[in-house]
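Student: mind folding the following:
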Amino acid sequence: MAKVVFVHGVGKQYLSEDSLARDVIPELRGGARLAGGPVPDAGDVGIAFYGDLFRPRGTRAGYVPDYDVTDIQSDDEVRLLMEWWMEAARTDPNVPAPDESGTRGPAGWALSQTLRLKRVRAALDALTGARFFGGVLDKALIGDLKQLTGYFNDEAIRAEARGRLVARITSETRVVVAHSLGSVIAYETLCEEAHSDWNVQMLVTLGSPLGMGTPVLDRLRPAAANRRGVWPTAAQRWTNIADATDVVAVVRELSPIFGSGLTDVAVHNGAHMHDATRYLTAVETGRALVAGLRQGDEAVCDM
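Tutor: Reported below is the predicted structural model:
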C-alpha cells in the first residue's frame, strides 16, 4: 500500500501507469533524498493514472487529433487560451501582450465568430513561439487545453479520474503529490471523497492551475466563494510549489485563496518550467514530501 500517491497532469494519454512510474518514481525519490529523507521505497509510491480517459478510441497508437484553430469552440477554451497568452506575455519578453497593437487581443473576442477565430489564431501564434511551450505544435497545445476544460465539462471523466485517486489512497498514504490538472483532481478528491481511515498528512501541488479564476477556480467542487476556496479536509497540510515562469500556474500563491494552512514555495525549473520531473527533483518538493512522511510517522507513534 502506497505511502505516497502521485497524480499526473495533462498530455499523458499515450502512456500507462507503468511507463509513467518509470519516470516519476526515481525523480520523486531523488527529491526526497536531496531533502535528507526519509526516501520512500519504490514500492511505497503509487500512481493515480487517468490519462487513458482522454485517449481517442479506435485510433492508431501515437495518434494525435489534428486540431486546428477551428476546434477551439467553447467559451471555456477561449478564456483558458487567453489566460495562458496573457501570462506568457507577462513572463516572456518575446511574447507580445494581447492588448498590443496588431495582436488582436482578448477584448471583445465574443463579438463575432470571425473575430473570435482571429483572436484564437493570434493567441496560438504567440504561445507556440513562447519559451514555455518550446515550439509545441498547435494540435498538441489545443489537445492539452481541451483536457483541462474537458475535465470540468465531462462528468464521466471527472468522476472516473477522482475514483482512480480514491482507489490509490489507503490508510497508509501520508502524502499526495499532484501536478497540473492532477492538482485539481487531488484537491476535489480530498475535499469530497475523504474516507474515515485516511491519514493524509501533506498535499503537494506542483504547477497548479487551481488559482485561475473563471477557467478553474470558479468551477471547482466544492465551489469557491468570492475567490475563497474550501480547505481540502482530508489533508492536514498543503504545500504549493510553482516556477515563476510556469504559465499554467497563473496564480502562483494559493494561500490567499485557500487559507494560511497552505505554504507557497517558489522553485526554478530552468527552460522546462512546467515539467513534472523538474518539479519532483527540486529539493523544495523533496522537503514537502519528507515533512509529510515524518509527520505521518509521528502521528502513528502517538497513537
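Student: downstream of the helix or strand containing residue 140, the next helix or strand is which one?
Tutor: Using DSSP states H and E, the element containing residue 140 is helix 138-153. For helix 138-153, the succeeding helix or strand toward the C-terminus, using DSSP H and E, is helix 155-168.
Student: between that following helix and helix 138-153, how many degrees?
Tutor: Orientation of helix 155-168 against helix 138-153 (axes from the mean of the first three to the mean of the last three CA atoms, to 10 degrees) gives an angle of 80 degrees.
Student: so which bits of the helix holding residue 140 are buried?
Tutor: Buried residues in helix 138-153, counted by 16 or more other CB atoms under 10 Å: 138, 141-152. Bear in mind the C-beta positions are built from the backbone N, C-alpha and C, glycine included.
Student: where do the helices sit along this structure?
Tutor: 17-34, 75-91, 113-128, 138-153, 155-168, 181-192, 255-258, 276-281, 283-302 (DSSP state H).
Student: tell me the most buried of those?
Tutor: Of the helices of the chain, the one with the most neighbours on average (mean count of other CB atoms under 10 Å) is helix 181-192, at a mean of 25.
Student: residue ranges with poor pLDDT in the stretch 101-250 of the chain?
Tutor: Within the stretch 101-250 of the chain, the stretches with pLDDT under 70 are 101-116, 124-139.
Student: measure how far stretch 250-265 is from the centre of its chain, please.
Tutor: Between the centre of stretch 250-265 and the centre of its chain there are 15 Å (CA atoms, centre = their mean, to the nearest Å).
Student: scratch that, stretch 166-176
Tutor: That offset, for stretch 166-176, works out to 19 Å (CA atoms, centre = their mean).
Student: contacting residues for the most centrally placed residue in the chain?
Tutor: Centrality entry for the chain: nearest residue to the mean C-alpha point is residue 180, 0.9 Å, by CA atoms, centre = their mean. By CB atoms under 8 Å, 6 or more residues apart in numbering, the residues touching residue 180 are 8-10, 206-209, 248, 274, 276.
Student: show me what contacts residue 276?
Tutor: If you count contacts by CB under 8 Å, 6+ apart, residue 276 has them with 8-9, 24, 27, 179-180, 206-207.
Student: find the residue closest to residue 235 in space, skipping its chain neighbours.
Tutor: Among residues not flanking residue 235 along the chain, residue 203 sits closest, at 4.1 Å (CB to CB, 6 or more residues apart in numbering).
Student: and what of residue 121?
Tutor: Excluding the flanking residues, the one nearest residue 121 by CB to CB, 6+ apart is residue 69, at 5.0 Å.
Student: what does residue 221 give?
Tutor: Closest to residue 221 by CB to CB, 6+ apart is residue 188, at 5.4 Å.
Student: that neighbour reaches residue 220, doesn't it?
Tutor: Yes. Between residue 188 and residue 220 there is a contact under CB atoms under 8 Å: 6.5 Å.
Student: what is the burial count for residue 267?
Tutor: 19 (other CB atoms under 10 Å).
Student: who does it form a beta bridge with?
Tutor: residue 243 (DSSP bridges).
Student: residues contacting it?
Tutor: 241-243, 279, 282, 284-285.
Student: with that, I have no additional questions.
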